[in-house]
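*Asks:* A predicted structure for the sequence below; I have some questions about it.
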Amino acid sequence: MAHKGSCHCGRIAYEVDGDIDALVQCNCSICSKKGYLLYFVPRDKLTLQTPETHLSTYTFNKHQINHHFCSSCGCSPFGIGSDQQGNTLAAINARCLDDLDISGIPIQPLNGRAL
């Protein structure tokens, strides 16, 4: 299933393809402060609808995840990183997906502070 998403002002817009069976609530310092609910997909399932130059990027700690955000509205719609096998993944902030009712989707905790 295709889902459309964006930052608040629309400067960053994208489409992501895949079923959302569960969301991840990570307790690392950035995820907990921003209130992310994450949905992971292979990077090739994420298609930007706006120019990549609109993305601002923040990294911290081990610098393994590119946390992308909009420099205009500050919203953080997704990040790009790798799993333990080296596969490139997109971490989609489900709160930035249009018309997604997250109330019925199971939320799995992740102890990101221990990673």
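*Replies:* Sure thing, it's come through. Keep in mind it's a predicted model, so treat the numbers as computed, not measured.
*Asks:* count of residues packed around the closest residue to Q49 other than its chain neighbours?
*Replies:* On the basis of C-beta to C-beta, 6 or more residues apart in numbering, the spatially nearest residue to Q49 that is not a chain neighbour turns out to be A13, at 4.1 Å. C-beta here means a position set from N, CA and C on the backbone, and glycine is covered the same way. For A13, the neighbour count with other C-beta atoms under 10 Å is 17.
*Asks:* Verify the stated contact: A13 with T47.
*Replies:* No - under the criterion of C-beta atoms under 8 Å, A13 is not in contact with T47, lying 9.9 Å apart.
*Asks:* I figured Q64 was touching G81, is that so?
*Replies:* Yes - the pair Q64 and G81 passes the contact test of C-beta under 8 Å, sitting 5.6 Å apart.
*Asks:* Of those two, which one has the most company?
*Replies:* In this view Q64 and G81 are compared by other C-beta under 10 Å, and G81 has more residues nearby, 17 against 10.
*Asks:* So the more buried one belongs to a strand, correct?
*Replies:* Yes - checked against DSSP: H, G, I helix; E, B strand; the rest coil, G81 lies within a strand.
*Asks:* Offset the numbering so it begins at 44, please.
*Replies:* Renumbered: residue one is now 44, and that last one reads G124.
*Asks:* Look up the closest residue to it, ignoring the ones flanking it.
*Replies:* Nearest non-adjacent residue to G124, counting by C-beta to C-beta, 6+ apart: I108, 3.8 Å away.
*Asks:* Can you report how many residues lie near that neighbour?
*Replies:* Counted with other C-beta under 10 Å, I108 comes out at 19.
*Asks:* Fine, thanks again, bye for now.
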